[in-house]
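# next come a sequence and a model predicted from it.
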Amino acid sequence: MNHKKQAEQILEAIGGKENLSAATHCVTRLRLALNDEGIVDEKKLNEIDAVKGSFSTNGQFQIVIGQGTVDKVYKEFIALAGVGEQSKEEVKAASAQKMNPLQRAIKTLADIFIPILPAIVTAGLLLGINNILTATGIFWDDQSIIDVYPQWSGIANMIIIIANTAFVFLPGLIGWSAVKKFGGSPILGIVIGLVLVHPDLLNAWSYGDAVQNNEVPTWDLFGLTIEKIGYQGQVLPVLVASYLLTKIELSLRKRIPDSIQLLFVGPISLLVTGFLTFIIIGPVTFQIGNWITDGLVSVFDTFAWLGGLIYGGLYGVLVITGMHHTFLAVDIQLVGSTGTTFLWPMLALSNIAQGSAAFAIWLASKDEKLKGLGVSSGISAWLGVTEPALFGVNLRFKYPFVIAITSSAIAGLFISLRGVVASSIGVGGVPGIFSIVPEFWFDFAIGMVIVIVLPLVGTYLYAKRKKDV
């Protein structure tokens, strides 16, 4: 492949170097900040040999090229465009200038939660392994593996400790990522997060029983009674505390000489933020978080079929807008408050549906390049990353996307009626079944059959009839 020629064709298709604001790349994609995405000739772009698809998200125009090749094309591309190598942060900054306030808010949430997602997903997979070892009814009607083979109980206990760590100390993870995003010192973010789950505080999961028994511990601050409770599994308290901590830290750094900052900035920032969090921020956001959780649970308890139909169908649309990142925080809040989430299983089925539609295009197409894109993006979607399938295949032809979201809506309706829940967030695709509570594995498997068969068959037959692939 002539990488310089490929780069020339890409630069021409996006509107020339005058339309390019910044450029970087990841493992498989060029990530571009363009001045005007409307002038991109996507038909011409997608006909280039090196290009396997393109899509726009979070203010960035991304061109799928492939691992290894993208490095070589990028070097030729920036040389032709006359721009230097730039970091992802620089391109994000250039892209953010074109976002409206809602898009910026969604991007902020994404930038906070995506870095900690590997820890959450890993914990979910380990919890799935623990479920296999400890749940009854999988291999024997009323016994688990550790009941039949007690020598495995130590292994199961060790696994649950490793898996639960990410959730037990979740505020510490969020604090690190949030303060880093807001521009403060990440180490202070970790500390304020861990402060909220200190073992001397009443565990948040025991708060309900303590209230009923009138046993909630308190502090007496000069006559002001403050409940001495932790915020395990909570998202909002640490997000607001992290924002406040960063603002205080940055303000102090501007006013205190460098030579004595170590003595004053950290201690003052943590003390002020800690006191305000326990006195005001924590109680208020804890209540708001409970209202959100109770509201969602109530809706799905009362109108399970409708909630499943809407969320199952709309999740693919949310991915297009980037708003799906906001529901990651909701899923984490649900797991922290109730121990399970009924939203995440529908996410996993939606991703599988998009992958199945892409596989159908692979089977129906006679174009070798499109077949390659269909199979690679389909595998990616089945493993939880849907953007290549969505923007590279399904939205390009429209009907695969419509068939996929219709199928995931049907599957969402079914699993919601059956009460399927996940014990944690896992891999949002086919491996996601291991994060489902074992008693619902069969129902979730039926949902998987729906989102594999319907999009695959429906898209394939429609594509053969339309003859556009």
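Structure received.
# low-confidence bits of the stretch 301-450 of the chain, can you list those?
Low-confidence segments of the stretch 301-450 of the chain, defined by pLDDT under 70: 321-322.
# what of the stretch 1-150 of the chain?
In the stretch 1-150 of the chain, residues with pLDDT under 70: 1, 27, 58, 67, 86-100.
# mind redoing it with 80?
1, 26-29, 52-59, 66-68, 83-107, 110, 128, 131, 135-141 (pLDDT under 80).
# do a quick rundown of the strands in it.
With DSSP state E, counting those that start in this stretch as the criterion, the stretch 1-150 of the chain has strands at 20-25, 29-34, 53-57, 60-64.
# what lines up beside the first one in the sheet?
Sheet pairing here is set by DSSP bridges, and for strand 20-25 it gives strand 29-34 (antiparallel).
# now do the contacts for Val437.
The contact partners of Val437, by Cβ atoms under 8 Å, 6 or more residues apart in numbering, come to Asn131, Thr340, Val420, Val421, Ala422, Ser423. (Each C-beta comes from the backbone N, C-alpha and C, glycine too.)
# ok, back up a step: could you dump the strands of the stretch 1-150 of the chain to CSV with distance to Ala156 and mean neighbour count?
Output for the strands of the stretch 1-150 of the chain, formatted as CSV (distance: least, Cβ to Cβ, whole Å; neighbours: other Cβ atoms under 10 Å):
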stretch, distance to Ala156, mean neighbour count
strand 20-25, 43, 22
strand 29-34, 40, 24
strand 53-57, 40, 21
strand 60-64, 41, 24
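# can you list those strands in a markdown table and add distance to Tyr315?
As requested, the strands of the stretch 1-150 of the chain are exported to a markdown table (distance: least, Cβ to Cβ, whole Å):
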| stretch | distance to Tyr315 |
| --- | --- |
| strand 20-25 | 28 |
| strand 29-34 | 22 |
| strand 53-57 | 15 |
| strand 60-64 | 20 |
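# and of those strands, who's closest to Leu196?
Closest of these to Leu196 is strand 53-57, at 32.2 Å (criterion: Cβ to Cβ).
# tabulate the contacts of Val437 (TSV), appending secondary structure, distance to Leu262 and neighbour count.
Shown next, in TSV, are the contacts of Val437 (DSSP: H, G, I helix; E, B strand; the rest coil; distance: Cβ to Cβ, whole Å; neighbours: other Cβ atoms under 10 Å):
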residue	secondary structure	distance to Leu262	neighbour count
Asn131	helix	46	24
Thr340	coil	44	17
Val420	coil	52	27
Val421	coil	47	24
Ala422	strand	44	29
Ser423	coil	43	23
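# now, among the residues you listed, which is nearest to Leu80?
Ala422 (47.1 Å).
# what helix or strand is the closest residue to Gly233 other than its chain neighbours located in?
For Gly233, ignoring the flanking residues on the chain, the nearest one in space by Cβ to Cβ, 6 or more residues apart in numbering is Gly336 at 2.1 Å. According to DSSP states H and E, Gly336 maps onto helix 324-338.
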